[in-house]
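K.L.:
Coordinates for the following, if possible.
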Amino acid sequence: MPRLSRAAIGWALYDWAASGYALCILAGFFPILFQSYWASDLPADRETFWYGLFVSAASLLGAIAAPFLGTLADTGGSRKRWLFRFALLGMAATLSLVFVGQGNWPLAGSIFVVGTLGYYGASICYNALLPVVSSTKNRHFISGLGFAMGYLGGVLLFLASIALVKWHRSFGLADEISALHIAFVVTVLWWGLFTLPLLRMVHDTVPDRKRLSVRKSLAHLWETLLEIRRNKSILWFLIAYWFYIDGVNTVISMASNYGKVLGFETETLLVTLVLVQIVGFPSTLLVSWLSGRYGGRPFLYLGIALYLVIVLYGALMSKTPVEIAGYKIPSLYILGFLVGLGQGGIQAISRSTFTLLIPKDRTASFFGIYNMLGQYAALLGPLLMGLVARLTGSPRYGVAALAFLFLCGAAALLRVGPEKTA
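P.N.:
Predicted coordinates:
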């Protein structure tokens, strides 16, 4: 295992911090509170419509804003300082949700969008700091360490929050809503506390600059886009990433819906989500360590191949339990195990490989483009999945169609040149 610096540990702990928001708020408790508290007076169809609209707005605005946020971090001061500002915005918005009254779903949804934009902006700056805390030799491992810490920290906070909500009376709380409010507060404290090591231990190599005018910042963004067009390796990598990561994110975002369609219980879906996090921790560390020894490119292809297996298994999967060593295991757990094996590795190696292709002094600008193309939203996959399912009359064919995205990603990746080694 590569020797870890204090800066690398402090940097990785931010993933531990922010993953609490991603898992507990984005994926876990905001949907519950929105449905059962803020929008409890709305009919089910209207509630579903508005919830989907707010989630889509957060993703779309995050994708549109990403290049500008990255350029802002590169031209308006240190990336670490902007990470703190964006994270603080996300924390403040999350905390303010506790004070939104029952039935006030427009305010709750609007605050959620603002908080998610803060989370997205901080993530861009966080990714951009990877070259600061790692060398080209340990870049893959440090990137994987961040994702692994995110899996572990996120699932620990998520499990503790679930226990708080489930056994709220044992903690002296009157109802589940009170427990969920406390879970929001704890998530904010978790996010803030574990951001401190990065702020103290990581020293940004890009000095603070005077903030440039909007015109000059936009010119800086245009220069970044022109450089991507000129540098074929960066261009082809972003095209490859756009395809295969959209497939990865579609599996993440559509899994619960697909499981419901097949008839799996909510408890089974929840356990599967936790299983993905638990398996993701060691598998991400292992893949990242191996990538440091043998190069990241083979493991990107391996991750794509694993996702081809995942979509094939998902398309053929039945609700009938699978018997392993005499134990009957829900077939969805097998899918969750496979996703846990592949998800963290392909995300971590993609991030570290990208840093080895781009200029070190403008990483935030390039990561703004990188994030826009797919890190936080699934666009092609859900459309492809839904269209094929509609045309064939079967969601299974929709899942199988996701293989097209991974094959396109692998084909584009073949056009990418070698990474920097020094």
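
K.L.:
Centre of this protein to the edge, which residue is at the far end?
P.N.:
Within the chain, residue 326 marks the point farthest from the mean C-alpha position, 35.9 Å out by Cα atoms, centre = their mean.

K.L.:
Relative to residue 338, how far out is that residue?
P.N.:
Distance, residue 326 to residue 338, using Cβ to Cβ, to the nearest Å: 21 Å. All C-beta spots, glycine's among them, are computed from the backbone N, C-alpha and C.

K.L.:
Residue 236 too?
P.N.:
The spacing between residue 236 and residue 338, counted by Cβ to Cβ, is 28 Å.

K.L.:
Check which residues of stretch 24-36 are buried.
P.N.:
Neighbour counts using 16 or more other Cβ atoms under 10 Å place 24-30, 33-35 of stretch 24-36 among the buried residues.

K.L.:
wait, I meant stretch 413-421
P.N.:
Neighbour-count burial for stretch 413-421, counted by 16+ other Cβ under 10 Å, picks out 413, 416, 419.

K.L.:
Would you agree the last one is in contact with residue 350?
P.N.:
No. Taking Cβ atoms under 8 Å as the contact criterion, residue 419 and residue 350 are not neighbours in contact, 12.0 Å apart.

K.L.:
Just give the number of residues close to the closest residue in space to residue 373 that isn't next to it in sequence.
P.N.:
Spatial nearest neighbour of residue 373, excluding adjacent residues (Cβ to Cβ, 6 or more residues apart in numbering): residue 242 at 4.4 Å. Residue 242 has 19 neighbouring residues, counting by other Cβ atoms under 10 Å.

K.L.:
Is residue 242 located within a helix, as I assumed?
P.N.:
Yes. Residue 242 forms part of a helix when assessed by DSSP: H, G, I helix; E, B strand; the rest coil.

K.L.:
quick one: contacts for it?
P.N.:
For residue 242, the contact set (Cβ atoms under 8 Å, 6 or more residues apart in numbering) comprises 373-374, 380, 409.

K.L.:
rounded to a whole number, what's the mean pLDDT of stretch 37-56?
P.N.:
Here stretch 37-56 scores 82 as its mean pLDDT.

K.L.:
Secondary structure, neighbour count and pLDDT for the contacts of residue 242 - can I get that in a markdown table?
P.N.:
Shown next, in a markdown table, are the contacts of residue 242 (DSSP: H, G, I helix; E, B strand; the rest coil; neighbours: other Cβ atoms under 10 Å; pLDDT from 0 to 100):
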| residue | secondary structure | neighbour count | pLDDT |
| --- | --- | --- | --- |
| 373 | helix | 20 | 81 |
| 374 | helix | 24 | 72 |
| 380 | helix | 18 | 78 |
| 409 | helix | 26 | 96 |
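
K.L.:
can you put the residues you listed in CSV and add distance to residue 266?
P.N.:
Formatted as CSV, the contacts of residue 242 follow (distance: Cβ to Cβ, whole Å):
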residue, distance to residue 266
373, 33
374, 28
380, 28
409, 32
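
K.L.:
out of these, what pair is the most spread apart?
P.N.:
373 and 409 (11.5 Å; Cβ to Cβ).

K.L.:
so what sits against both of these two?
P.N.:
With Cβ under 8 Å, 6+ apart, residue 373 and residue 409 have common neighbours 241-242, 245.

K.L.:
which residue sits closest to residue 134 in space, ignoring its chain neighbours?
P.N.:
residue 142 is the one closest to residue 134 (Cβ to Cβ, 6+ apart), at 3.9 Å.

K.L.:
so that neighbour touches residue 11, yeah?
P.N.:
Yes. Look at residue 142 against residue 11 with Cβ under 8 Å: they come within range, at 7.4 Å.

K.L.:
joint contacts of these two?
P.N.:
Common contacts of residue 142 and residue 11, defined by Cβ under 8 Å, 6+ apart, comprise 130, 133.

K.L.:
domains in this protein, as residue ranges please.
P.N.:
1-199+215-229, 232-356+379-422 (automatic domain parsing).

K.L.:
Residue 53: neighbouring residues, count only.
P.N.:
Neighbour count of residue 53, defined by other Cβ under 10 Å: 12.

K.L.:
what's the answer for residue 321, then?
P.N.:
For residue 321, the count of nearby residues is 14 (other Cβ under 10 Å).

K.L.:
I'd say it and residue 334 touch.
P.N.:
No. Assessed by Cβ under 8 Å, residue 321 is found out of contact with residue 334, at 9.9 Å.

K.L.:
tell me the contacts of residue 120?
P.N.:
Contacts of residue 120 by Cβ under 8 Å, 6+ apart are 62, 65-66, 69, 86, 371, 376.

K.L.:
closest to residue 269 among these?
P.N.:
residue 376 (21.7 Å).

K.L.:
Where does pLDDT dip in the stretch 101-250 of the chain?
P.N.:
Applying pLDDT under 70 to the stretch 101-250 of the chain flags residues 205-217.

K.L.:
now the helices: where do they sit in it?
P.N.:
Using DSSP state H, counting those that start in this stretch, the helices assigned to the stretch 101-250 of the chain run over residues 105-128, 130-133, 139-166, 176-193, 196-201, 214-230, 232-262.

K.L.:
roughly how far apart are residue 218 and residue 413?
P.N.:
Distance of residue 218 to residue 413, given as Cβ to Cβ: 31 Å.

K.L.:
Ok, residue 200 next?
P.N.:
Residue 200 sits at a distance of 38 Å from residue 413 (criterion: Cβ to Cβ).

K.L.:
Ok, residue 111 next?
P.N.:
Separation of residue 111 from residue 413 (Cβ to Cβ): 39 Å.

K.L.:
same deal with residue 41?
P.N.:
Separation of residue 41 from residue 413 (Cβ to Cβ): 49 Å.

K.L.:
ditto for residue 223
P.N.:
For residue 223, the distance to residue 413 (Cβ to Cβ) stands at 26 Å.

K.L.:
and if you look at residue 296?
P.N.:
11 Å.

K.L.:
go on, residue 282?
P.N.:
25 Å.

K.L.:
can you check residue 67 too?
P.N.:
22 Å.
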